[in-house]
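>>> I would like the atomic coordinates for the input below:
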Amino acid sequence: MIRVTSDQVCYSMSSANKPVLEVNQNERFCVETEDCYSGKLKSPEDRFTKAMWDTVNPATGPISILGTEPGRPLRIEIVDIRTRHYAVMSVERDAGALGRFIENSETTILPIENKRLILDGTLSIPIQPMIGVIGTAPAGKPVLNGTPGEHGGNMDCKLITAGSVVYLPVNTKGALLAIGDLHALMGDGEVCICGAEVSGEVILKAAQVDSRMPTPCVETESHFHFIGSALTLDECERIVLDKAHTFLTNIGKMSSNDAARAMSLLCDLCVCQVVDPLKTMRFSVPKLLLNR
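The predicted model follows:
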């Protein structure tokens, strides 16, 4: 299987980035990733400092998906995610959702044993590996990997895991896909600024599809989850509700008011993260609404 190593990274997503790998559509490939701290925190004595901001969230890539052109969405199947044997967290209670950087926050190393995360040396929790950063080149100016947007990026959606499918826009030839910021475990909101940050590898395949699917979107076994990012949660809500309504009326062939009723009765609005420069929400639409 073709592979791209974790030393081939970008720190922003841009149409000017040169691809480090080219793959055919629907060809499986492996992406090795470093953790969000660029591997610089290895022990409790290491501290995250302001000087490290320039190397936060390295994304391996970009990867050119041959034959893709601007217009139709890119469908990315997450085949598998494998993590190393420990995770890192750099946390200070007064940071996180308050949006402040706290110098000398506490660094904790969390062992991973038999696919379980060991918290405080006693609590054993099954890991749920997910991708924090996944995106294509944006249509306009470069976007730092710490920021989410309509191109994807640092969405921190815990549903982007093995078995799910991610739909992203194609704004430039080759799409220029980049991936990083794996978490062994993270709760919705990521309220204290990080998850269980981990390096690892992702096996995936991608192809452009003939669809009017609003993006970014995550498809799971039972739902489509529409994602939006903005400065406020109110703005995020408007974005994801508009996407879901467009999906139900255009693809689901529902009337405008039928779609609205279904959204209020059967769909769920959730927060993905509140700690990035833009906040991120998702709106989950059950597939049963398409099978009427």
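>>> Helices of the stretch 151-292 of the chain, residue ranges please.
In the stretch 151-292 of the chain, the helices defined using DSSP state H, counting those that start in this stretch lie at 233-250, 256-266.
>>> name the helices or strands packed onto the first one?
Using 3 or more CB pairs under 8 Å, 6 or more residues apart in numbering; DSSP states H and E, the elements in contact with helix 233-250 are strand 223-230, helix 256-266, strand 268-273, strand 279-286. For every residue, glycine as well, the C-beta is placed using N, CA and C.
>>> Would you mind finding the most buried of the helices of the stretch 151-292 of the chain?
Highest mean neighbour count of the helices of the stretch 151-292 of the chain: helix 233-250, a mean of 19 (counted as mean count of other CB atoms under 10 Å).
>>> which residues are contacting that helix?
Defining contact as CB atoms under 8 Å, 6 or more residues apart in numbering, one finds that helix 233-250 is touched by 212-214, 217, 224, 226-230, 254-256, 258-260, 262-263, 267, 269, 271, 274, 279-283, 285, 289.
>>> Repeat that for stretch 139-155.
10-14, 16, 56-59, 132-138, 156, 166, 168-169, 171, 178, 180-181, 215-216, 227, 229, 272-273, 276-278, 280.
>>> Distance across it, terminal residue to terminal residue?
17 Å (CA to CA, to the nearest Å).
>>> buried sites along it?
Buried residues in stretch 139-155, counted by 16 or more other CB atoms under 10 Å: 143-155.
>>> Take the helices of the stretch 151-292 of the chain and lay them out in a markdown table including mean pLDDT and distance to His85.
Output for those, formatted as a markdown table (pLDDT from 0 to 100; distance: least, CB to CB, whole Å):
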| stretch | mean pLDDT | distance to His85 |
| --- | --- | --- |
| helix 233-250 | 98 | 35 |
| helix 256-266 | 97 | 41 |
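>>> Using CSV, lay out the ones you listed together with distance to Leu21.
CSV is the format used below for those (distance: least, CB to CB, whole Å):
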stretch, distance to Leu21
helix 233-250, 30
helix 256-266, 39
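>>> Can you tell me which of those is nearest to Ser90?
helix 233-250 (24.8 Å; CB to CB).
>>> Would you map the strands across the stretch 1-150 of the chain?
Along the stretch 1-150 of the chain, the stretches classed as strands by DSSP state E, counting those that start in this stretch are 2-4, 9-10, 12-13, 21-23, 29-33, 59-65, 74-83, 86-91, 106-113, 116-119, 123-126, 130-135, 143-144, 148-149.
>>> Could you identify which of the ones you listed is most buried?
Neighbour counts (mean count of other CB under 10 Å) averaged over each of the strands of the stretch 1-150 of the chain peak at strand 130-135, with a mean of 28.
>>> neighbouring contacts of that one?
Applying CB under 8 Å, 6+ apart, the contact partners of strand 130-135 are 13, 36, 57, 59, 76, 78, 81, 143, 145, 149, 151-161, 166, 168, 177-183, 186, 195, 202.
>>> thinking again about what came up before, now the strands of the stretch 1-150 of the chain in a markdown table, with mean pLDDT and distance to Thr49?
Putting these into a markdown table (pLDDT from 0 to 100; distance: least, CB to CB, whole Å) gives the following:
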| stretch | mean pLDDT | distance to Thr49 |
| --- | --- | --- |
| strand 2-4 | 97 | 29 |
| strand 9-10 | 98 | 20 |
| strand 12-13 | 98 | 21 |
| strand 21-23 | 98 | 32 |
| strand 29-33 | 98 | 22 |
| strand 59-65 | 98 | 21 |
| strand 74-83 | 98 | 25 |
| strand 86-91 | 94 | 10 |
| strand 106-113 | 95 | 11 |
| strand 116-119 | 96 | 25 |
| strand 123-126 | 96 | 29 |
| strand 130-135 | 98 | 21 |
| strand 143-144 | 96 | 18 |
| strand 148-149 | 98 | 24 |
